[in-house]
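Here's my sequence, what's the structure:
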Amino acid sequence: MPSIDVCFSPELLHLYNLKGKAVVAVDILRATSTMVTAFAEGAAQIFPVMELEECRDFARQGCLTAAERNGIKAEGFDLGNSPFAYMDGSVQGRDIAITTTNGTRAIRLSEAAEEIVVGAFLNLQAVADHLAELGLDVLVVCAGWKGQFNLEDTLFAGALVERLQEKFSKENDSALAALYLYQTAKADLLGFLRQSSHVRRLEHLEIHKDIAFCLRHDVYSVLPVWRDGRLVDLKVKELES
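This is a model prediction of the structure:
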């Protein structure tokens, strides 16, 4: 039986051997939720990068550029980190380069894995189904906040553990802790998270709508995966083949 484990911060990745594993990179508020939404709205490819200048350079290749720092859209870029900014038809068929405070870093630091999947509550079941089909050991990499633990990414990890618990063993106590947290919170995720540091930080920016949307389960069936230096929607690739 394959196993599932949870890394609470990219700063802890050095403790894990990623070789041969499937990583689920998650930044619920809001990077991975936004990437999932972008693919659902027809984006062609997404290039997650860590630095603002690197992201800006992609504009010369015809990409839309998206950048966020500390919850705020960075100046001089086409898009920020709100999923609603990707719903007006402008990303249909377009390539997007994106850099965020936490989420893109979690993805790029996981490149040693056999598979990298971008996860969110929005595509939770699609992620669970793909992992069950792969049959690899799984590590959920929580983006956290500037290297520190956060609650919302851990709750997603717990939700994924819950959906896979009949087919995957729990590798360490981190998976069990995430599961227990999610089971405690799932009846009212938004209420449970209201006192969390990142929700309070984002609510200060008056983006309540984003927070509520990012906590919705199974809205989309898209499946962003890392392929050759970019993210593609595996569901689209399967249809094309």
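
Flag the shaky bits of the chain, pLDDT-wise.
By pLDDT under 70, the weakly predicted segments of the chain are 198-199, 201-206, 237-241.

Would you state the helices of it in chain order?
31-40, 52-57, 103-108, 124-134, 151-164, 173-185, 189-193, 197-204, 208-214, 234-240 (DSSP state H).

So which of those is the most surrounded?
Each of the helices of the chain was assessed for mean neighbour count using mean count of other CB atoms under 10 Å. The highest is helix 31-40, with a mean of 29. For every residue, glycine as well, the C-beta is placed using N, CA and C.

What is it packed up against?
strand 45-48, strand 95-99, helix 103-108, strand 115-119, strand 224-227, strand 230-233 (3 or more CB pairs under 8 Å, 6 or more residues apart in numbering; DSSP states H and E).

how about that helix as PDB, C-alpha atoms only?
Presented in PDB, the C-alpha positions along helix 31-40 are these (Å, rounded to 0.1, in the frame of the first residue of the first chain):
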ATOM      1  CA  ALA A  31      -1.900  30.600  -5.500                       C
ATOM      2  CA  THR A  32      -2.800  27.000  -6.300                       C
ATOM      3  CA  SER A  33      -6.500  27.800  -6.100                       C
ATOM      4  CA  THR A  34      -5.900  30.500  -8.700                       C
ATOM      5  CA  MET A  35      -3.900  28.200 -11.000                       C
ATOM      6  CA  VAL A  36      -6.600  25.600 -10.900                       C
ATOM      7  CA  THR A  37      -9.100  28.300 -11.800                       C
ATOM      8  CA  ALA A  38      -6.900  29.600 -14.600                       C
ATOM      9  CA  PHE A  39      -6.900  26.200 -16.200                       C
ATOM     10  CA  ALA A  40     -10.600  25.800 -15.700                       C
END
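
How about residues contacting that helix?
Helix 31-40 is contacted by residues 25-27, 46, 48, 66, 68, 81-83, 86-87, 91, 96, 98, 100, 102-104, 118-123, 143, 213-214, 219-220, 222, 224, 231, 233, 236 when judged by CB atoms under 8 Å, 6 or more residues apart in numbering.
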